[in-house]
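**Student:** let me see the structure of the following:
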Amino acid sequence: MRFTFLLCAAASVLGASGAALHAEPAIVDLTGEVAPPARGAPYAARSLPDRIVLTPGEDPARTMLVSYRTDMEAGEALGEVAELLPAPNFGLKAVQVRGTQVATTSENGAALYHKLAFTGLKPDTAYAYRVKGAAGFSEWHQFRTAKAEAAPFTMIFMGDTQNRILDIGSLVWRRALLQTGNPALMLHAGDLVASRDELVHDDEWGEWAASGGWALASVPQVPAPGNHEYVDDIRPDGSEGKKLGPHWPVMFHLPDNGADGVRETSFFVDYQGVRVVVLDGTSALDLGTLEAQTAWADKVLLAAPGPWKFVLFHQPIFTCARSKDTPMFKAAWKPVFEKHGVDLVLQGHDHCYGRWTSEAGSDAAREARAGGASQGPVYLVSVAGAKMYGLNDRSAWQPDRVAEDTSLFQTIEIAGERLTLKAFLNTGVLYDGFELVKGEGGRNAFAELPDDVPTVRRCEALPQGDFTASEKGVIEGRKGPDGLPCTVRALK
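**Tutor:** Okay, here's the model as predicted:
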């Protein structure tokens, strides 16, 4: 029976003639801004596969997707998949799966990026897979498909990594993975990399892949694009615009169920009672896709099969660092989220931490709940990497909890009608948390977790005019919450 299913999985990525559906190698140029590549080319493609990234299909109970990179000698996109059994020779039951590939060039040289789809899988089942390079197969990686029905699970959410990814961002990655133990998904709110002139772009993606390591290949990743996944686009008339960076489409194999015109960067996934809807904020703001994404979000949120609904995107509706919120999203997306009873709105971009339960402020939110009001969407902004922004004036009264100069990760636990979100410092210390309990008609009751958490993390205030800003905007002369110089940058 297992063998029959695996043959179906292989056939799903073969053409009618049985030939692999891999494209002719039209070379994709991944070259980025002018910057010196890392000495010794540590992120060049080799003869064994690397940058192996597992992503969930639209229905991860039955489909998982994988992307990976090799040198140019690898030949076709080829993997093997089998049910994982305790016997070390479980691979005897493996079946080969072929997929697509694209040739690329970058400062790190030529490379092939490959994509495979494992379809026809059995729900709630352990599988192992490996992918092939010129020197042979990678190690076996394992995953478990989702259950076919709503069931408890835990996921990780992270804000921007962006800068000093391997140096600092990896601390948050690895603490989150160690502390969570067995996460079912890992969500990213965009700006995974900087895509600017600090590092060669391919080196940045190399750092990102190195930070996650083998976990990228075993924990399904759900990434939203940020503005830094986009690059400058100089048009023929000399005007400047934005276009999606060439690494995104080759680094990730994502479900093809997104909004029209934004299918590479918007999608949804259903996982054990939770529908996660990913939107592309940069495309909506800068490329005219706001209306299409709004209509699509309205449709897919309405059709969500389970009790829980999350939305993931980059630029936040309510901001903890910027002086103004995002008016386009507040006008277009916030009403859709409220209409469909979205539970969590997960965002990044601001490089600070903020959690909102009401636009009117934390006092108004508590008063409304005390009067019997149900809790609408909870909005969260977080940051995982090293780049920090200072908190804005509204941070004193509008959000329920804030932090600056602080790297964090979040865990989200689903258990029946209860959702528990915990925000941890990169040391593993609990910093914030709350519960949502779903009642009659999908109405959410909200409860803060016990208040034995650290004091609010803010940089020391300075008298008016008693600071200077460096060329990079860092406010000098302030003490951070750990007694070190504050690293936050000033935003207008």
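**Student:** quick check, residue 424 in a strand?
**Tutor:** Yes. According to DSSP: H, G, I helix; E, B strand; the rest coil, residue 424 belongs to a strand.
**Student:** who touches it in this structure?
**Tutor:** By CB atoms under 8 Å, 6 or more residues apart in numbering, the contact set of residue 424 is 175-176, 179, 408-411, 430-431. Just so you know, the C-beta spots here come from the backbone N, C-alpha and C atoms, and that holds for glycine as well.
**Student:** return the helix or strand in this protein with minimum mean pLDDT.
**Tutor:** The helix or strand of the chain with the poorest confidence is helix 2-11; it has a mean of 34 (mean pLDDT, DSSP states H and E).
**Student:** re earlier: just the buried ones from the contacts of residue 424?
**Tutor:** 175-176, 408-411, 431 (16 or more other CB atoms under 10 Å).
**Student:** out of the residues you listed, which are inside helices?
**Tutor:** Under the assignment DSSP state H, the buried ones among the contacts of residue 424 contribute 175-176 to helices.
**Student:** which of the buried ones among the contacts of residue 424 lies closest to residue 96?
**Tutor:** Checking these against residue 96 with CB to CB, the nearest one is residue 176 at 33.8 Å.
**Student:** the closest one and residue 169, how far apart?
**Tutor:** 11 Å (CB to CB, to the nearest Å).
**Student:** got it, and residue 343?
**Tutor:** 27 Å.
**Student:** so between those two, which is more surrounded?
**Tutor:** residue 169 (28 against 23; other CB atoms under 10 Å).
**Student:** and that one, helix, strand or coil?
**Tutor:** The three-state assignment at residue 169 reads helix, by three-state DSSP.
**Student:** for it, what are its contacts?
**Tutor:** Counting by CB under 8 Å, 6+ apart, residue 169 has contacts 161-162, 207-208, 211, 384-386.
**Student:** which outside residues touch the following helix or strand past the least confident helix or strand of the chain?
**Tutor:** For helix 2-11, the following helix or strand on the C-terminal side (DSSP states H and E) is strand 28-29. Contacting residues not belonging to strand 28-29 are listed as 102-106, 113, 246, 250 [CB under 8 Å, 6+ apart].
**Student:** who does strand 28-29 pair with, and is each partner parallel or antiparallel?
**Tutor:** Here strand 28-29 has these sheet partners by DSSP bridges: strand 100-106 (parallel).
**Student:** tell me the buried residues in the strand it pairs with?
**Tutor:** Quick answer for strand 100-106 (16+ other CB under 10 Å): 100-102, 104, 106.
**Student:** cool, and stretch 390-402?
**Tutor:** 390-392, 394-395, 398-402.
**Student:** how is the chain divided into domains?
**Tutor:** Following automatic domain parsing, one gets these domains for the chain: 2-144, 153-189+265-448.
**Student:** any idea which of those gets closest to residue 482?
**Tutor:** Nearest to residue 482, of the domains of the chain and by CB to CB, is domain 153-189+265-448 at 7.9 Å.
**Student:** mean confidence score for the closest one?
**Tutor:** Averaged across domain 153-189+265-448, pLDDT comes to 97.
**Student:** for that domain, how far is the first residue from the last?
**Tutor:** Terminal residues of domain 153-189+265-448 lie 21 Å apart, using CA to CA, to the nearest Å.
**Student:** distance between it and the chain's centre?
**Tutor:** How far domain 153-189+265-448 lies from its chain's middle: 12 Å, per CA atoms, centre = their mean, to the nearest Å.
**Student:** kindly report the same for stretch 88-104.
**Tutor:** 26 Å.
**Student:** which parts of that stretch are buried?
**Tutor:** Under the neighbour-count criterion of 16+ other CB under 10 Å, stretch 88-104 has 90-91, 94-95, 97-102, 104 buried.
**Student:** one more: stretch 368-384?
**Tutor:** Residues 368-369, 374-384 are the ones in stretch 368-384 that count as buried (16+ other CB under 10 Å).
**Student:** now stretch 66-74
**Tutor:** So, applying 16+ other CB under 10 Å, buried residues of stretch 66-74: 66-71, 74.
**Student:** widest-spaced pair of those?
**Tutor:** Pairwise distances across the buried residues of stretch 66-74 (CB to CB) peak at 18.0 Å, for the pair 66 and 71.
**Student:** how about the helices in the stretch 201-350 of the chain?
**Tutor:** Per DSSP state H, counting those that start in this stretch, the stretch 201-350 of the chain carries helices over the ranges 201-212, 215-218, 247-251, 281-286, 290-302, 327-332, 334-339.
**Student:** how distant is the shortest one from the center of its chain?
**Tutor:** What that stands for is helix 215-218. 13 Å.
**Student:** run through the neighbouring helices and strands of that helix.
**Tutor:** strand 50-56, strand 141-144 (3 or more CB pairs under 8 Å, 6 or more residues apart in numbering; DSSP states H and E).
**Student:** only alpha carbons, please: show it as PDB.
**Tutor:** Presented in PDB, the C-alpha positions along helix 215-218 are these (Å, rounded to 0.1, in the frame of the first residue of the first chain):
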ATOM      1  CA  ALA A 215      16.000  22.400  10.500                       C
ATOM      2  CA  LEU A 216      15.000  24.200   7.200                       C
ATOM      3  CA  ALA A 217      14.800  20.800   5.600                       C
ATOM      4  CA  SER A 218      12.700  19.200   8.400                       C
END
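**Student:** contacts for that helix?
**Tutor:** For helix 215-218, contacts defined as CB under 8 Å, 6+ apart pick out 51-54, 66, 141-143, 173, 177, 186, 209.
**Student:** coming back round to it: residue 483: which of the contacts of residue 424 is nearest?
**Tutor:** Distance ranking of these against residue 483, using CB to CB, places residue 431 first at 17.5 Å.
**Student:** okay but that closest one is in contact with residue 410, surely?
**Tutor:** No. Contact status for residue 431 versus residue 410: not in contact, 9.6 Å apart, counting by CB atoms under 8 Å.
**Student:** just to revisit the earlier point, and the buried residues of strand 100-106, which is closest to residue 220?
**Tutor:** residue 100 (19.5 Å).
**Student:** what score does the closest one have for pLDDT?
**Tutor:** At residue 100, pLDDT is 97.
**Student:** isn't it up against residue 117?
**Tutor:** No. The criterion here is CB under 8 Å, and residue 100 misses it with residue 117 at 9.3 Å.
**Student:** where do the strands sit along the stretch 101-250 of the chain?
**Tutor:** 109-118, 126-133, 136-137, 141-144, 153-158, 185-188, 221-223, 230-234, 240-244 (DSSP state E, counting those that start in this stretch).
**Student:** in a markdown table: these, plus mean neighbour count and distance to residue 481.
**Tutor:** Output for the strands of the stretch 101-250 of the chain, formatted as a markdown table (neighbours: other CB atoms under 10 Å; distance: least, CB to CB, whole Å):
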| stretch | mean neighbour count | distance to residue 481 |
| --- | --- | --- |
| strand 109-118 | 22 | 41 |
| strand 126-133 | 22 | 43 |
| strand 136-137 | 13 | 47 |
| strand 141-144 | 19 | 38 |
| strand 153-158 | 23 | 20 |
| strand 185-188 | 24 | 25 |
| strand 221-223 | 24 | 29 |
| strand 230-234 | 15 | 32 |
| strand 240-244 | 14 | 35 |
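**Student:** from residue 298, how far off is residue 202?
**Tutor:** Taking CB to CB, one finds residue 202 at 38 Å from residue 298.
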